[in-house]
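> Kindly return the folded structure for what I paste below:
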Amino acid sequence: TIDFDVCAILPAAGKGERMGVDTPKQYIPVHQKPIICYTVEAFLRLPFIKKVVVVASTGSLNLMLEKLCQNCVLQGDKLMVTEASGTRHESIKSGLRVLQTCCETLPEIVIVHDGVRPFFPEDIVYNLVMAAKEHGASGIICPLVSTVISIDDDSFLDVALDRSKYKASEMPQAFQYELLSKAYDVISASDLETGTECLKLILDYTGVRAKLLPATSHLWKVTHRKDVYAAAAVVKENQSVALINSHTSPEFVPFLKSALSQTFKSVHLAGKFTETLNKFHNLVIIHDHNNPYNLIENMNIFCSEKKLTHLCSIVHIFMNNFDSTINFLEFQKQARDTAKSLKSANIIVYIIIKEQGEQSATFEETAELARSLLFDCNPSISGTVFLS
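All right, here's what the predicted structure looks like:
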């Protein structure tokens, strides 16, 4: 049990030059939410974290505050935001100054974690904190994926390191507050400007060797464009789906549940919509013999509700065909218009109409379409009516 104060500092002042886009990577949206918000929320959920300090770049303080306030579920005064110019070490030092100023009692342990590393197991953080309390500092290591080499001035191979003897240093890392503060009090101007590894900083300026814990590959950092797509997939794979079906087409439900289970963390079956289902990021609602225009009316009711704190994707599936007396183009237009209003409430909606056909094949196709729509979560096609 952690019965002492623990705080976290999240440097998020990078420019993301390797990403190759104008937007700094911490602000790049993943399913309509900036990457930094996933990281912040992950730390806010940890019950033993007293304060979380986000360090934005100089001139970006208001932007960071805006993104966090709009997209995070905030808890009292647990979150603080400051700014720092330049380097990683300067950002962490700035975060320490905030803790010194704002905490009634200084924390015993400080966690340092990158703002663009949104995924990490909670037990890893707990183990790091306990290791830092015992040893002074702790860090995460992973096996090297590729061999590290050095080259000479003419770009010829000089040395190839033995991968079995070396590891990749990952985040988060944890430190006794007194040690980290002492190191930054005496850090040289050169190290402050060019250094990046806090574990080495502690070793060089306090003589403390960090305890290193093995971890999995889930601690990767969003660095390149491909990492953004991978992050979007990880977000969805960690979400659950609520499947609402009031005794409608029971033969279809197994196909749908199987398709959803291949991608999402879990599938929750419900007979009707209740307030408890608001916590789900993904909903599938099966309709049978319902007037589709009733759905439009219900969607309009959603528009008047307050904005959800998370993005919610909803797939409505109409079984037993579409009413032939209804003007399809008119219905499509009304659905799209209503969906535009729902976007402001953080709701994305799709409509699937199952046509007649060979039952098993049609069920599989419809189920896969529903899964794909929820997984892709594309707001640009919200309100679209699909025939399956």
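
> ok, now which ones touch the nearest residue to residue 71 once chain neighbours are set aside?
The spatial neighbour of residue 71 that comes closest, neighbours along the chain excluded (CB to CB, 6 or more residues apart in numbering), is residue 37 at 4.3 Å. For the C-beta atoms, the positions are set from N, CA and C on the backbone; glycine is no exception. Counting by CB atoms under 8 Å, 6 or more residues apart in numbering, residue 37 touches 67, 68, 71, 72.

> What subset of those is buried?
67, 68, 71, 72 (16 or more other CB atoms under 10 Å).

> circling back to that earlier point, Serialize the contacts of residue 37 to JSON lines and add fields for distance to residue 200 and pLDDT.
Putting the contacts of residue 37 into JSON lines (distance: CB to CB, whole Å; pLDDT from 0 to 100) gives the following:
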{"residue": "67", "distance to residue 200": "32", "pLDDT": "95"}
{"residue": "68", "distance to residue 200": "30", "pLDDT": "95"}
{"residue": "71", "distance to residue 200": "34", "pLDDT": "89"}
{"residue": "72", "distance to residue 200": "32", "pLDDT": "88"}
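
> Among those, name the ones in helices.
Of the contacts of residue 37, the ones assigned to helices by DSSP state H are 67, 68, 71.

> Dump these to TSV, plus distance to residue 295.
Converted to TSV, the ones in helices among the contacts of residue 37 look like this (distance: CB to CB, whole Å):
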residue	distance to residue 295
67	33
68	35
71	28
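
> and of those residues, the nearest to residue 52?
Lowest distance from residue 52 to the ones in helices among the contacts of residue 37 (CB to CB) belongs to residue 68, with 10.0 Å.

> In contact with the closest one, which residues are there?
Contacts of residue 68 by CB under 8 Å, 6+ apart are 36, 37, 40, 54, 74, 79, 81.

> Same check on residue 317?
256, 284, 285, 286, 287, 352, 353, 354, 366, 370.

> if I read this right, the first one contacts residue 244, doesn't it?
No. Counting by CB atoms under 8 Å, residue 256 stays clear of residue 244, with 11.1 Å between them.

> Which of those two has more residues huddled nearby?
Ranked by neighbour count (other CB atoms under 10 Å), residue 256 and residue 244 place residue 256 first, with 25 against 21.

> Tell me, please, the helix or strand in this structure that averages the lowest pLDDT.
The helix or strand of the chain with the poorest confidence is helix 292-303; it has a mean of 71 (mean pLDDT, DSSP states H and E).

> about what we covered before: with pLDDT, secondary structure and distance to residue 276 as extra columns, can I get the contacts of residue 317 in TSV?
Below are the contacts of residue 317 laid out as TSV (pLDDT from 0 to 100; DSSP: H, G, I helix; E, B strand; the rest coil; distance: CB to CB, whole Å):
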residue	pLDDT	secondary structure	distance to residue 276
256	95	helix	21
284	95	strand	16
285	92	strand	15
286	91	strand	19
287	86	strand	21
352	92	strand	25
353	88	strand	28
354	84	coil	28
366	92	helix	26
370	97	helix	22
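
> Closest one of these to residue 175?
For the contacts of residue 317, the nearest to residue 175 is residue 284 (45.6 Å; CB to CB).

> in the chain, what residue sits furthest out from the centroid?
residue 325 (44.3 Å; CA atoms, centre = their mean).

> Quick check: the gap between that one and residue 292.
11 Å (CB to CB, to the nearest Å).
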